[in-house]
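# Fold the stuff below for me.
(one chain, ligands or ions: 1)
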Amino acid sequence: VATKSIPNLIEPPDGPHPLNLHALYGRQAPLVVDLGCGKGRFLAARALRNPEWDFLGTDLQLVRVRKSAGKLHRQGVANARLLRADNRRVLEILLPPASVHACYLFFPDPWPKRRHHKRRQFGPDFPDALHRVLAPRGVFQTATDHADYFAVMRKLLDGDPRFDPAEPDVPADEERTEFEALFLGQGLPIARGAWRRR
Ligand SMILES: C[S@@+](CC[C@H](N)C(=O)[O-])C[C@H]1O[C@@H](n2cnc3c(N)ncnc32)[C@H](O)[C@@H]1O
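All right, here's what the predicted structure looks like:
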């Protein structure tokens, strides 16, 4: 159900129920999810270029999903929806099993202090949740400016027999997320990784 005032911003269902994707998009198409989509630059640009796919952007912050929804509206993007939710709930409950063809996690907050690592999006449970939602041969794509965080992700996924390394997706200029633009502007190196569900 879209909220009355903001088109494409949907209310997550209560309780242990997954989203009804068919009802959400009014069709059946491959699903792309952008976890922690921020202000939605990648989501809007990629969805506009790929009208045959359905897109879902998620973020914990209402102000960010509102900004993203505004972007979709202004750009006339019809095949994307926004959801304000915690990604843990998105991956463990809201997305139906084996429903995602591509899952993006761009520039997740690195929480560099060791005592804060438990707050990271990508923790030890992430591969299980990812495996649950990815369709067979579905791909996970990530990018970060934080080399240590990237090393943690790579170690976990390279060592997981349920995933194969894949070719990282380099966004076109107009698809670059706000954080990527920020880090590129500072001349920081960006690590990219991709893994495909076997
Ligand atoms: C550093 S920003 C990156 C935003 C965007 N992906 C980009 O590259 O510009 C991290 C984003 O993840 C969101 N976020 C952090 N923890 C989250 C969680 N548990 N569930 C959903 N979103 C979360 C934040 O609100 C923020 O928008």
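# Any idea how many residues pack against D148?
10 (other CB atoms under 10 Å). Where C-beta positions appear, they are placed from N, C-alpha and C, glycine not excepted.
# Dihedrals phi and psi, it?
phi -70, psi -40 (degrees, to the nearest 10).
# That one and P112 touch, don't they?
Yes. D148 is within contact range of P112, at 7.4 Å (criterion: CB atoms under 8 Å).
# The lengthiest helix in the chain close to the ligand?
In the chain, assigned by DSSP state H, the helix with the most residues is helix 62-75. Yes. Judged by CB under 6 Å from any ligand atom, helix 62-75 comes into contact with the ligand at R64.
# Past that helix, which element shows up next along the chain?
As assigned by DSSP states H and E, the chain's next helix or strand after helix 62-75 is strand 80-84.
# Could you check that next one against the ligand for contacts?
No. Judged by CB under 6 Å from any ligand atom, strand 80-84 and the ligand are separated, with a smallest distance of 8.4 Å.
# Give me the neighbour count for G70.
If we define neighbours as other CB under 10 Å, then G70 has 18 of them.
# oh, I was asking about H131
18.
# In contact with it, which residues?
R162, F163, R197 (CB atoms under 8 Å, 6 or more residues apart in numbering).
# Kindly report the same for K71.
Per CB under 8 Å, 6+ apart, neighbours of K71: K39, G40, R41, L43, A44, V77.
# how about 7 Å then?
G40, A44 (CB atoms under 7 Å, 6 or more residues apart in numbering).
# Please name the nearest non-neighbouring residue to F183.
Counting by CB to CB, 6 or more residues apart in numbering, D145 is the residue found nearest to F183 once chain neighbours are left out, at 4.3 Å.
# doesn't L188 make contact with that neighbour?
Yes. Counting by CB atoms under 7 Å, D145 touches L188, with 4.7 Å between them.
# For the chain, list the residues in contact with the ligand, please.
So far as CB under 6 Å from any ligand atom goes, the chain lies against the ligand at 36-38, 58-61, 64, 86-87, 106-109, 121, 177-180.
# burial measure for Q141, as a count.
Neighbours around Q141, by other CB under 10 Å: 22.
# What's opposite it in the beta bridge?
Y104, A194 (DSSP bridges).
# Would you quantify the distance from it to D14?
30 Å (CB to CB, to the nearest Å).
# got any ranges where the chain has weak pLDDT?
1-5 (pLDDT under 70).
# Quick one: the strands in the chain, in order.
9-10, 31-35, 54-59, 80-84, 100-106, 134-144, 163-165, 191-197 (DSSP state E).
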